[in-house]
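1. Turn this into a model:
(one chain, ligands or ions: 2)
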Amino acid sequence: MQLSLFDAEEFYEFPKDLLEYRENFLSREEADGLKDHLLKTATWEQRTQKMYDKTVLTPRLTAWYGDQNKSYESADNNTSSTNLWIPELLSLKERIEKEFGYRFNGVLLNLYRDNNDSVAWHRDKENRYGKRPVIASISLGQTRNFDFRKRDHHQSKYGLPLPNGSLLIMKGDLQENWEHRIAKSTVRMKERINLTFRLISEL
Ligand SMILES: O=C(O)CCC(=O)C(=O)O
Ligand SMILES: [Fe+2]
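-> Numbering: from 1, shown residues only. Ligands and ions are numbered 1, 2, ... in the order given. Sure thing, here's the model as predicted:
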């Protein structure tokens, strides 16, 4: 794996066993085609999230697909429904599984409509993801920066741009020890779709 984007001295501090990165996992044509298809057809919703004691709209749109067609209530009282796989997402899942030897049964889609959309610092840590979740993240469209910071030492911070067609696999203790985010930007930006393939118990 070559993570040239974690530069110079900072790089050696970031544990290499927590990420796998493939810049051109999808060809430009594949990535553009999938982005346009999902923009048009996915069941995009804007959910709410709890911020301290306020309920606010999540600053992005989301949709779920997976092995089962199911509704569930998440910790923040949102009811989400999972759609059955569409062929494009199922074949992409199988391609990642074959190439890397992991298994997934669902995918969360995030749509960042422009530079004002974001995901705040968080860890993907829920019981239904298991102890050391492997999450495969495909980026489509606008390049956005993906930032990490150490959970117990916020000054330890790293970031890498995730371009169209790239694949980033998060694994090991990443969700235990590091938080991640997509920050808002002051620079005008086009749409980006991110797909995070996950293995979820009780999907
Ligand atoms: O958009 C991304 O690259 C990351 C999304 C994310 O962190 C999540 O859905 O948990
Ligand atoms: Fe996340």
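
2. going forward, measure contacts and count neighbours with C-alpha atoms only.
-> Fine.

3. Point out the residues in this protein that sit beside ligand 1.
-> Within reach of ligand 1 by Cα under 6 Å from any ligand atom, the chain has these residues: 124, 181, 194.

4. from the residues you listed, which would you call buried?
-> Listed as buried from these are 181, 194; burial here means 16 or more other Cα atoms under 10 Å.

5. Out of the residues of the chain next to ligand 1, name the ones that lie in strands.
-> 181, 194 (DSSP state E).

6. What is the nearest of the residues of the chain next to ligand 1 to ligand 1?
-> Nearest to ligand 1 among those is residue 194, at 4.8 Å by Cα to the nearest ligand atom.

7. Would you state the strands of this protein in chain order?
-> With DSSP E as the criterion, the chain has strands spanning 19-22, 48-51, 54-57, 61-66, 70-73, 79-84, 106-112, 119-122, 135-141, 144-150, 153-162, 167-170, 178-182, 192-198.

8. Can I get the residues of the chain next to ligand 1 in a markdown table including distance to residue 60 and pLDDT?
-> Listed next are the residues of the chain next to ligand 1 as a markdown table, based on distance: Cα to Cα, whole Å; pLDDT from 0 to 100:
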| residue | distance to residue 60 | pLDDT |
| --- | --- | --- |
| 124 | 17 | 95 |
| 181 | 13 | 98 |
| 194 | 11 | 98 |
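
9. in this protein, what spans have low per-residue confidence?
-> Along the chain, the parts satisfying pLDDT under 70 run over 1-13, 72-78, 203.

10. So in terms of bridging, what pairs with the residue nearest the centre of the chain?
-> Nearest residue to the geometric centre of the chain (Cα atoms, centre = their mean): residue 196, 4.1 Å. For residue 196, the beta-bridge partners are residue 108, residue 137 (DSSP bridges).

11. got it, and residue 80?
-> Residues in beta-bridge contact with residue 80 (DSSP bridges): residue 72.

12. From residue 112, how far off is the residue lying closest to residue 128 once chain neighbours are set aside?
-> Leaving aside its sequence neighbours, residue 128 sits nearest to residue 201 (Cα to Cα, 6 or more residues apart in numbering; 5.0 Å). Counting by Cα to Cα, to the nearest Å, the gap from residue 201 to residue 112 is 27 Å.

13. more crowded one of these two?
-> Set side by side, residue 201 and residue 112 show more neighbours around residue 112, with 25 against 10, by other Cα atoms under 10 Å.
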